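Colleague: Need the 3D shape of this:
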Amino acid sequence: MAAILVNHVVEDYNSWLKFFEEHEPARREASVQGTAVWQAADNPNNVYVLMEYGDQARIERFAASDDLKQTMQRAGVKGAPTITYLGNVRWYQAMRGAAT
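Modeller: Numbers count the residues shown, from 1 in each chain. You can find the predicted model right below:
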């Protein structure tokens with residue numbers, strides 16, 4: 001399983017979140033199978049998005065698409081995001097210590 005981690009600062013988290021949620025069909029089309037969103041503890045407008053995906057070419061097209069860039073601009077994203085592609089994701093259950 002692979003994932004993409006995106007970090008960016010937004011003008012207003014709640015406003016950004018509405019755009020993010022409305023853009024879910026585009027993520028699904030890009031082979032995204034699961035998504036988690038975090039806000040930095042010291043700045044709620046500093047957002048981290050982790051998305052598991054199934055197809056490298058589709059997620060790369062999505063990340064570079066004009067549609068995504070325009071949506072991010074309308075959503076109030078400040079500056080360019082930091083994008084990191086992650087491979088070989090291995091999840092651990094904290095309470096049991098068992099890998100999943």
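
Colleague: which regions of the chain sit below the pLDDT cut-off?
Modeller: 89-91, 93-100 (pLDDT under 70).

Colleague: quick one, strands of it?
Modeller: Along the chain, counting by DSSP state E, strands occupy 2-10, 32-40, 43-53, 77-86.

Colleague: Could you dump those into CSV and include distance to L17 and mean neighbour count?
Modeller: All C-beta atoms are positioned from the backbone trio N, CA, C, and that covers glycine. Formatted as CSV, the strands of the chain follow (distance: least, Cβ to Cβ, whole Å; neighbours: other Cβ atoms under 10 Å):
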stretch, distance to L17, mean neighbour count
strand 2-10, 9, 18
strand 32-40, 8, 14
strand 43-53, 9, 17
strand 77-86, 12, 13
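
Colleague: Let me have these in a markdown table, extended by distance to L68.
Modeller: Below are the strands of the chain laid out as a markdown table (distance: least, Cβ to Cβ, whole Å):
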| stretch | distance to L68 |
| --- | --- |
| strand 2-10 | 10 |
| strand 32-40 | 12 |
| strand 43-53 | 12 |
| strand 77-86 | 10 |
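
Colleague: which one of those strands lies closest to I59?
Modeller: Closest to I59 of the strands of the chain is strand 43-53 (Cβ to Cβ; 4.4 Å).

Colleague: relative to strand 77-86, how tilted is the closest one?
Modeller: 40 degrees (axes from the mean of the first three to the mean of the last three Cα atoms, to 10 degrees).

Colleague: Return the set of residues that bridge with the nearest residue to V32 once chain neighbours are set aside.
Modeller: Excluding the flanking residues, the one nearest V32 by Cβ to Cβ, 6 or more residues apart in numbering is M51, at 4.7 Å. Beta-bridge pairing for M51 (DSSP bridges): I4, T35.
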